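Trainee: Sequence plus predicted model, see below.
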Amino acid sequence: MNIKPSDLVTEKQNPNSMDLDTLSTLEILNLINKEDSLLSSAVQKAIPEIEKVVEFAVTAIKNGNRIIYIGAGTSGRLGILDASEIPPTFSAPREWFTGVIAGGPEAVFRSIESAEDKPNDSITDLNEIGIKMGDILIGIASSSITPYVIAGLKYAKQIGCCTVFLICNPNPIDLENYDVVISVELGPEIITGSTRMKAGTATKLILNMISTTTMVKMGKVYGNLMVDLQVVNEKLRDRGTRIIEKLTTLNYNEAGKALIESGGSVKTALIMVNKSCTKLEAEKLINKFEGNLRKIIGDNSI
């Protein structure tokens, strides 16, 4: 494929910001905001591909596999950010979502730009976290040409993983047979090549969509309530108590007591109240119905 890096949309100049350094502060802010307003419709066009990824992700988790994000620079950091937020939000096992970044943990806090040009490192890094057949590897590379990410995806494909390529160019330069390509066309950045801007924001949106929807399909919410949260601080204790209060006939104090008796698990407490059962019996129901609270207590409030 005869495409040079300079041909990529992410490397082109944005005609709307040619005189960026001559604008007032207010004009710059309005211009950035105007460009960012294009993101929602661009991401919407990619929803069919995002849906496929979610379906793959749910199947992978149920089969004992996991979702791994891999990227360099901003892309890698966004993958790590999304993966790190799943356990506290949904009480999900940490291994369900994992992030890998070129340059290792230090690159999360300090830019190591040369790391993306070391393709073999991605194979080493993936093996270090124990990638295995059946896992899903989501390669994040706004430009579509990051050697570290491409090498990781090719390796994952070879060992029997599902591969997803998330890019912000119309088509990937690399024509590897990926299972899903999520291509979001955002146009050039306000500052030429600065994919930490529109491309980074779009990436964050898409990763949120993938992980959140996967957790919903895994039974981690009831309605739109975070019923699988674990009480680890006062804010979450209050939130958990209010959820129990909302979904039962208990008042706030009674709901708080039920939360304590459940060991700090909102889902367990709700089942204990609904079924008038013990904590152990509630936990058995959770296991039986794979954590799906609606299947246990029904569609209506308790």
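Mentor: Received, thanks.

Trainee: N224 - how many residues pack around it?
Mentor: Per other Cβ atoms under 10 Å, the neighbour tally for N224 reads 6. Any C-beta I mention is one placed from the backbone N, CA and C, and that applies to glycine too.

Trainee: Pull the contacting residues for it.
Mentor: Contact analysis of N224 by Cβ atoms under 8 Å, 6 or more residues apart in numbering lists nothing.

Trainee: Now it: phi and psi?
Mentor: Main-chain dihedrals, N224, degrees, to the nearest 10: phi -120, psi 30.

Trainee: Quickly note the distance from it to V216.
Mentor: Distance of N224 to V216, computed by Cβ to Cβ, to the nearest Å: 9 Å.

Trainee: Can you check the pLDDT for L247?
Mentor: Looking at L247, its pLDDT is 93.

Trainee: Could you check how far it is from L126?
Mentor: 42 Å.

Trainee: low-confidence ranges in the stretch 201-302 of the chain?
Mentor: 300-302 (pLDDT under 70).

Trainee: what's the closest non-adjacent residue to I297?
Mentor: Excluding the flanking residues, the one nearest I297 by Cβ to Cβ, 6 or more residues apart in numbering is N274, at 4.5 Å.

Trainee: what number of residues lie near the one you found?
Mentor: By other Cβ under 10 Å, neighbour count at N274 equals 18.

Trainee: which strands and helices sit next to whichever strand or helix holds it?
Mentor: Using DSSP states H and E, N274 sits within helix 266-275. Helix 266-275 is packed against helix 234-247, helix 252-261, helix 279-288, helix 293-297, with contacts defined by 3 or more Cβ pairs under 8 Å, 6 or more residues apart in numbering; DSSP states H and E.

Trainee: Just want the angle from that helix to helix 252-261.
Mentor: 110 degrees (axes from the mean of the first three to the mean of the last three Cα atoms, to 10 degrees).

Trainee: Tell me which residues are up against helix 266-275.
Mentor: Against helix 266-275 from outside (Cβ under 8 Å, 6+ apart): 222, 226-229, 231, 240, 243-244, 247-248, 250, 255, 258-259, 261-262, 277-279, 281-283, 285-286, 291, 293, 296-297, 302.

Trainee: can you tell me the helix or strand for I206?
Mentor: helix 198-217.

Trainee: C-alpha coordinates for that helix, CSV please?
Mentor: The C-alpha trace of helix 198-217 is given here as CSV (Å, rounded to 0.1, in the frame of the first residue of the first chain):
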residue,chain,number,x,y,z
LYS,A,198,-9.4,15.2,18.9
ALA,A,199,-8.0,11.7,18.3
GLY,A,200,-7.3,11.3,22.0
THR,A,201,-10.8,12.4,23.0
ALA,A,202,-12.4,10.2,20.5
THR,A,203,-10.3,7.3,21.7
LYS,A,204,-11.4,7.9,25.3
LEU,A,205,-15.1,7.9,24.1
ILE,A,206,-14.7,4.6,22.3
LEU,A,207,-12.9,2.8,25.1
ASN,A,208,-15.5,4.0,27.6
MET,A,209,-18.2,2.6,25.3
ILE,A,210,-16.5,-0.7,24.9
SER,A,211,-15.7,-1.3,28.6
THR,A,212,-18.9,0.2,30.0
THR,A,213,-21.2,-1.7,27.6
THR,A,214,-19.3,-4.9,28.3
MET,A,215,-19.8,-4.5,32.0
VAL,A,216,-23.5,-3.8,31.5
LYS,A,217,-23.8,-7.0,29.5
